[in-house]
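Undergrad: need a 3D model of the sequence below.
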Amino acid sequence: MKNKFFMWYFIIFGCVTFLAACQDYSTKNENLAEQEIISVLYDSLAKKIPPPPPNLHGLNIKDSLRILSQYNSIRDSLKFEKQIVGIIPTMQPLESKLDIMDFNSSKRELIHRLNSLKEQKPLNIAELRTLRSDSVVEFGEQHLREFSADYYQINKLLSFSRISFNEAGNEAAVIASVGTSRLASFTAIYFFRRISDKWTIVDSKGLSMS
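TA: Numbers count the residues shown, from 1 in each chain. Predicted coordinates:
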């Protein structure tokens, strides 16, 4: 009788330990995926937006090529121009739920999961791995001015929602906002897919602009 008790004890203990280890592994993988997704999104959002293409109507070929060359040079230089970027160091749940009917059926699982996330989650800015050379800082009250809508000592502010994953763990959705002042910002939802072991933006949809 005692032997059977110990046998069941060790079986239950082993199962609980195994499940705990699986949960810990899953959480670790999710954290790594979140860091990679935010890093990819940062590279996309932090770069400066180039001016609109020049109007070449009525110009001859020589002048058109010269102006296009100048425009392309300016556009390419802006991609890598170093900035001071503030990031809110938490990923927030949604303040209001998204309507899943505004999205096609392939995205509704991600939207439903995004709507269901209730708690904020810390974002470790030091662990972001970007392709840019910006100075990245945690955004705080020191970057606000009392009588101005402009941010102080940063060029741009980025904030991110919690990230939802599909059941297979190879697709994700996140909402990001980018602003150059409290009166100039853009918010969109971005959809990711893991392709060849890399998280890649596959679609996006604008949600608001100010």
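
Undergrad: what score does the nearest residue to Ile175 once chain neighbours are set aside have for pLDDT?
TA: Once flanking residues are discounted, Ile175 sits nearest to Ser161: 3.9 Å by C-beta to C-beta, 6 or more residues apart in numbering. Any C-beta I mention is one placed from the backbone N, CA and C, and that applies to glycine too. Model confidence at Ser161, given as pLDDT, is 98.

Undergrad: got the domain boundaries for the chain?
TA: As assigned by automatic domain parsing, the chain contains the domains 5-48+83-209, 50-81.

Undergrad: and the ones you listed as JSON lines, adding mean neighbour count?
TA: What follows is those, written out as JSON lines (neighbours: other C-beta atoms under 10 Å):
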{"stretch": "domain 5-48+83-209", "mean neighbour count": "15"}
{"stretch": "domain 50-81", "mean neighbour count": "11"}
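
Undergrad: Asn155 and Gln83 touch, don't they?
TA: Yes - counting by C-beta atoms under 8 Å, Gln83 is a contact partner of Asn155 at 4.2 Å.

Undergrad: contacts for stretch 29-46 next, please.
TA: Contact with stretch 29-46 is made by 83, 85, 87, 91, 121, 123-124, 127-132, 134, 136, 156, 158, 160, 163, 165, 169, 172, 174, 176, 178, 190, 192, 194, 198-201, as judged by C-beta atoms under 8 Å, 6 or more residues apart in numbering.

Undergrad: ok, the residue nearest to Ile175 - contacts?
TA: Neighbour list for Ser161: 91-94, 114, 174-176 [criterion: C-beta under 8 Å, 6+ apart].
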